[in-house]
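This is a predicted model, with the sequence first.
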Amino acid sequence: MCKTSIFAVVLCLGAPAAGFAISGCGNAQLSGTYNARVSSLNFQGILGINNAGGFGNHPSSLSGQTPGMGRFRFDGNGNIVGMAPGNNASLVVGSYSVSDDCSATLQLNSGEKFNAVVLAGGAQVMFIQSDAGSAGAIGELDRGANSCLTGVGMEQQIAFSFSGAQGGNGGGVITDAKGDFLSSYTGPQNGDMDVMTAQATFDGTNFTFMSVEAGKVGTTSDALFVWGVDRGTHTAGFGAFRPGVLFDAVVILRPDGTGAVTDLAATPPASTPLPAGSVTISGNTIRGVVPASMLPSKGMPAASYGVNLWPRTGLGNNAQIADFAPDNSDASVILTGSAASSVRSFSAIGTVTLAPDGTFSMREWMGQNGVVKPVNSTGTFTLGNDCSLTFSNGMRGLLTDNGSGVFSIQPDAGTVILGTAMGQ
């Protein structure tokens, strides 16, 4: 029964298989549009799998280039068909061959090769990538409806589930272009308001927030270096101004060497000064050390928090914000010390309600490292005519006209975990 979950598929690959004698398959059984998912990405930090290519993240996918997922048409004659980037013309992206015993070989023009098994009369394909360097990546192709979920005329509810694990060192250093001040910014365009690099690290005890600006810190006397931290609520605090920047707490660092943490999830929001000596400045660099106890979890373990930095000249309005790093998303913390060697489990189930006005409400139960917590979020979604579904909290999906398909989530910038979705 190793096929009952993604986790079981990975762990049971080495189990001996029962003998079977299936016959009567052929290329014609693989006919229609298939949603693809690279299931082993759910364990990429442990297995060494990356998302460089294959059926996931393919530039000619019918649903566009999406980490871990894709959508392709099998024509019944041995051709795998996608879409040319930029002009939407049909494009043969690979080939396949199905043997009489229902085994198959697949090959993409970009070089990836796969061994596969055809199931349920061609409704499902299970594959393993066999070319050098693939680390045996596994995945599935599921035949979907030929039409997409193209509109929401009334409220629609979709159930989803995820299961996977994260490993490694988390995120990386954020780099930002020089001189990319926001067009809405009305303050002085001094170098210290322009982020060049930034990073947040976690060693199991403390977070360290550090950034390097294009000019000497302190040139702008009223500057504030604000780090948004998403601890699990996935709140788009700026709304449409920056829908991809999610945070439920902020760490504020000042050029005078002081700082504070404000918990925006508290009622009312509560601000606590950082201990003396927590904020240090050297030339173009400003650094703040924050005990993990000042940033308690709101659904995610500390090692999976998301962060974003925005320098500003006051706390009055968005016209005081000079820059965002990253521009419209969160980055993951870099794990050091004892935190770097940890393996983090991730699982979730939940439902999302899509409203006709383009807003969603999501209710989920998220488990990380054995701790399960309820997490509720709201925001906006975009539904493409290519079957893609994008949420402002970072979740993505490929759905057919009955609301079934594949969902993906990125618990940190270096990890993609895929799950299933089903219309209710």
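Nice, I can see it.

How about the secondary structure of the closest residue to Ser221 other than its chain neighbours?
For Ser221, ignoring the flanking residues on the chain, the nearest one in space by CB to CB, 6 or more residues apart in numbering is Pro255 at 7.1 Å. The C-beta positions use only the backbone N, C-alpha and C, and glycine is treated the same way. Following DSSP: H, G, I helix; E, B strand; the rest coil, we place Pro255 in the coil state.

average pLDDT for the helix or strand containing Thr378?
Assessed by DSSP states H and E, Thr378 sits inside strand 371-383. Averaging pLDDT along strand 371-383 yields 79.

which outside residues touch it?
Strand 371-383 has contacts (CB atoms under 8 Å, 6 or more residues apart in numbering) with 149-152, 232-236, 240, 243, 297-299, 301, 350, 354, 358-367, 388-393.

Can you flag the buried ones in the residues you listed?
Buried by 16 or more other CB atoms under 10 Å: 149, 152, 232-236, 243, 298-299, 301, 350, 354, 360, 362, 364, 366, 388-393, out of these.

Thr262: neighbour count?
When neighbours are counted by other CB atoms under 10 Å, Thr262 registers 15.

part of a strand, is it?
Yes: using three-state DSSP, the assignment for Thr262 is a strand.

Contacts only, for it.
For Thr262, the contact set (CB under 8 Å, 6+ apart) comprises Ala249, Val250, Ile252, Pro269, Ala270, Ser271, Thr272.

Take those and keep only those in helices.
Cross-referencing the contacts of Thr262 against helices under DSSP state H gives no overlap.

Turn those into CSV, columns for pLDDT.
Converted to CSV, the contacts of Thr262 look like this (pLDDT from 0 to 100):
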residue, pLDDT
Ala249, 97
Val250, 98
Ile252, 98
Pro269, 94
Ala270, 94
Ser271, 96
Thr272, 97
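
Strands of the stretch 1-150 of the chain, start to end?
Taking DSSP state E, counting those that start in this stretch as the criterion, the stretch 1-150 of the chain contains strands spanning 31-37, 69-75, 79-83, 90-98, 103-108, 113-119, 124-129, 138-143.

residue contacts, Val92?
For Val92, the contact set (CB under 8 Å, 6+ apart) comprises Asn79, Ile80, Val81, Gly82, Asn109.

Val279 now?
The contact partners of Val279, taken as CB under 8 Å, 6+ apart, are Leu253, Arg254, Gly257, Thr258, Gly259, Ile286, Arg287, Gly288.

Among those residues, which one has the most neighbours?
Ranked by the number of neighbours (other CB under 10 Å), the contacts of Val279 place Leu253 first, at 29 neighbours.

For the nearest residue to Arg73 once chain neighbours are set aside, give the beta-bridge partners.
Spatially, and ignoring its direct neighbours in sequence, Arg73 is nearest to Val81 (4.3 Å; CB to CB, 6+ apart). Under DSSP bridges, the beta-bridge partners of Val81 are Arg73, Val92.

still on that earlier bit, of the contacts of Thr262, buried ones?
By 16+ other CB under 10 Å, the contacts of Thr262 give Ala249, Val250, Ile252 as buried.

Max pairwise distance over the contacts of Thr262: which two?
Between any two of the contacts of Thr262, the greatest separation by CB to CB is 13.3 Å, found for Ile252 and Ala270.

Look up phi and psi at Gly337.
Main-chain torsions, Gly337, degrees, to the nearest 10: phi 60, psi -140.

gap between the closest residue to it other than its chain neighbours and Pro374?
Leaving aside its sequence neighbours, Gly337 sits nearest to Asp203 (CB to CB, 6+ apart; 3.6 Å). Separation of Asp203 from Pro374 (CB to CB, to the nearest Å): 29 Å.

which of those two has more neighbours?
Using other CB under 10 Å as the criterion, Asp203 and Pro374 rank with Asp203 on top: 17 against 10.

circling back to that earlier point, I'd say the residue nearest to Gly337 and Ile334 touch.
No: taking CB atoms under 8 Å as the definition, Asp203 is not a contact partner of Ile334, at 9.7 Å.

now the helices for the stretch 101-250 of the chain?
Assigned by DSSP state H, counting those that start in this stretch, the helices in the stretch 101-250 of the chain number zero.

mind showing which ranges of it have poor pLDDT?
Counting by pLDDT under 70, the stretch 101-250 of the chain contains low-confidence ranges at 133-136, 145-153, 163-172.

residue contacts, the residue nearest to Arg73?
Phe72, Arg73, Phe74, Asp75, Ser90, Leu91, Val92, Val93.

cool, Gln129 as well?
Counting by CB under 8 Å, 6+ apart, Gln129 makes contact with Gly54, Glu112, Lys113, Phe114, Gly136, Ala137, Ile138, Gly139.

Phi, psi for the second one please.
In terms of degrees, to the nearest 10, the main-chain angles of Glu112 are phi -70, psi 140.

is it true that it touches Gly54?
Yes: shown here, Glu112 and Gly54 form a contact pair, counting by CB under 8 Å, at 4.6 Å.

So which of these two has more stuff around it?
Shown here are Glu112 and Gly54; by other CB under 10 Å, Gly54 has more neighbours (27 against 21).

check contacts around that one.
Counted by CB under 8 Å, 6+ apart, Gly54 has contacts Val38, Leu108, Glu112, Phe114, Gln129, Ser134, Ala137, Gly139.

Identify the residues contacting the second one.
Spelled out, that is Leu108. Counting by CB under 8 Å, 6+ apart, Leu108 makes contact with Gly53, Gly54, Phe55, His58, Ile80, Val93, Gly94.

same thing with Leu119?
So Leu119 contacts Cys102, Val125, Met126 (CB under 8 Å, 6+ apart).

ok, now with 7 Å
Going by CB atoms under 7 Å, 6 or more residues apart in numbering, Leu119 touches Val125, Met126.

how close does it get to Asn35?
Leu119 is 15 Å from Asn35, by CB to CB.

cool, Val81 as well?
Distance, Val81 to Asn35, using CB to CB: 14 Å.
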